[in-house]
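>>> I'd like to go over a predicted model; first the sequence, then the structure.
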Amino acid sequence: MLVQTLSLVAVKLLLFLVQALGRRGLLLLKPALAFLLRPYRKQVIQINLQRCFPEKSRKEIKTLHQKYLNYLTDVILQSLLGFASSKSTLAYWQSFAPHNLLDQMATNKTNCFVVMGHTSNWEWAGLRAGMQQGLHMAAVYKPQSNTKIDRFLKKTRRRFGTEMVAMSEVPRFLSKQESPWCLTFIADQNPPKETAHWVDFFGIKTAFFSGWSRLALRKNIPVLLAVPKDLDSWNRCMDFSILYNGTEELSSEELTARFAQALEAQIRNKPEAWLWSHKRWKHGYMPK
């Protein structure tokens, strides 16, 4: 319990420092944080990059590794600042494309899912989602083992209106909603291998979460894909494309594969802007 309390105090002090420094102050800290991150999961990152881009030379992989660390540094600093920023400031840094499909869902009062990967700044996108008009916005999250940190992060992430829904609470969320809603899944993490869909991802059989696709097909819920359209790291924009219209006949495996293929295309377009330090291929392929 003492460790949990001390961890929470440390996080609150860090956010206070970030708020005091502001954007300019954090930019001054960026070189130092980038240097500290150099050894972070170095082997995991390089193995992942080599696995996905076997055609690249060692020098190209090293360059991409460095670009990724620069991206990760931005995401960390920006996320901390976003947790302490005003609503108007966050909306300036992170916008949603005008007249996007999410707006159409709101106009039509249609429930929907959004699926996305760890691209662009997912924390900013989650905060910005709470400002969406016409839909009750929510996001699925995995609770932290530190319950004090978990409660604090949950409160911080919903400060602009986004409801945080634990994975185990998704069925309850769907059953209790009366107003039109949108539930977001960050769907590129390692799932339990027993329930995973195994689909091609960078030419590798990869485990993906299957729950969102099964639910979408069972309940005929349209699925939107989040598509980053960032102009630069401090001018981020999220657009949306249709992944499943709610009526099409297909299997949940095919829907999951669509997401994997779309995510791969996003990563190939801007390879440094994905979470390469995640142990994405921790599970070996388990054929049925």
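Sure thing, it's come through.

>>> hang on, N245 packs against L224?
No - assessed by C-beta atoms under 8 Å, N245 is found out of contact with L224, at 10.1 Å. (Glycine included, C-beta is placed from N, CA and C.)

>>> Spit out the contact partners of D103.
Contacts here follow C-beta atoms under 8 Å, 6 or more residues apart in numbering; on that basis D103 touches 96, 134.

>>> Of N245 and L224, give the one with the bigger neighbour count.
Shown here are N245 and L224; by other C-beta atoms under 10 Å, L224 has more neighbours (23 against 9).

>>> Run through the bridge partners of the nearest residue to that one once chain neighbours are set aside.
Distance criterion C-beta to C-beta, 6 or more residues apart in numbering; nearest residue to L224, sequence neighbours excluded, is F240 at 4.4 Å. Beta-bridge partners for F240, by DSSP bridges, are A226.

>>> going forward can the numbers begin at 596, since that is how I track them
Sure thing, new numbering starts at 596, so read that last one as F835.

>>> can you pull the contacts of F835?
692, 695-697, 709, 819-822.

>>> cutoff 10 Å now
691-692, 695-700, 707, 709, 711, 777, 819-822 (C-beta atoms under 10 Å, 6 or more residues apart in numbering).

>>> mind checking how far it is from W829?
As judged by C-beta to C-beta, to the nearest Å, F835 and W829 stand 22 Å apart.

>>> same question, A802
34 Å.

>>> So between those two, which is more surrounded?
Using other C-beta under 10 Å, the more surrounded residue of A802 and W829 is A802, with 24 against 14.

>>> In terms of helices and strands, where is the more buried one?
strand 799-803 (DSSP states H and E).

>>> ok now that strand, how far from the chain's centre?
18 Å (C-alpha atoms, centre = their mean, to the nearest Å).

>>> Tell me which strands it pairs with, and in which orientation.
With DSSP bridges as the test, strand 799-803 is paired with strand 792-796 (antiparallel).

>>> which residues touch the strand it pairs with?
Contact with strand 792-796 is made by 647, 783, 786, 799-806, 808-809, 846-856, 858-859, 862, 875-876, 878, 880-883, as judged by C-beta under 10 Å, 6+ apart.

>>> Mind checking which of those are buried?
Buried residues within the contacts of strand 792-796, counting neighbours by 16 or more other C-beta atoms under 10 Å: 647, 783, 786, 801-806, 808-809, 847, 850-855, 858-859, 862, 875-876, 878.

>>> In helices, which of these appear?
Among the buried ones among the contacts of strand 792-796, the members found in helices (DSSP state H) are 647, 806, 808-809, 847, 850-855, 858-859, 862.

>>> Just give the nearest non-adjacent residue to K874, would you?
V639 (5.9 Å).

>>> Give me the distance between the one you found and W871.
8 Å.

>>> Looking at these two, which is more packed in?
W871 (24 against 16).

>>> Secondary structure element holding the more buried one?
Using DSSP H and E, no helix or strand contains W871.

>>> ok now do E867, which residues does it touch?
644, 658-667.

>>> can you check L819 too?
By C-beta under 10 Å, 6+ apart, L819 lies in contact with 695-697, 699-700, 707-711, 777, 779, 834-839.

>>> residue boundaries of the strands in the stretch 596-745 of the chain?
Here the stretch 596-745 of the chain has its strands, by DSSP state E, counting those that start in this stretch, at 689-691, 707-711, 731-736.

>>> Single out the most deeply packed of those strands.
strand 707-711 (a mean of 26; mean count of other C-beta atoms under 10 Å).

>>> Mind giving me the packing neighbours of it?
helix 696-702, helix 717-724, strand 731-736, strand 776-781, helix 806-814, strand 818-823, strand 831-839, helix 847-864 (3 or more C-beta pairs under 10 Å, 6 or more residues apart in numbering; DSSP states H and E).

>>> Please name the nearest non-neighbouring residue to A733.
E758 (4.0 Å).

>>> T714 versus F708, what's the distance?
From F708 across to T714, the span is 17 Å (C-beta to C-beta).

>>> ok, now N864?
Taken as C-beta to C-beta, the span from N864 to T714 is 10 Å.
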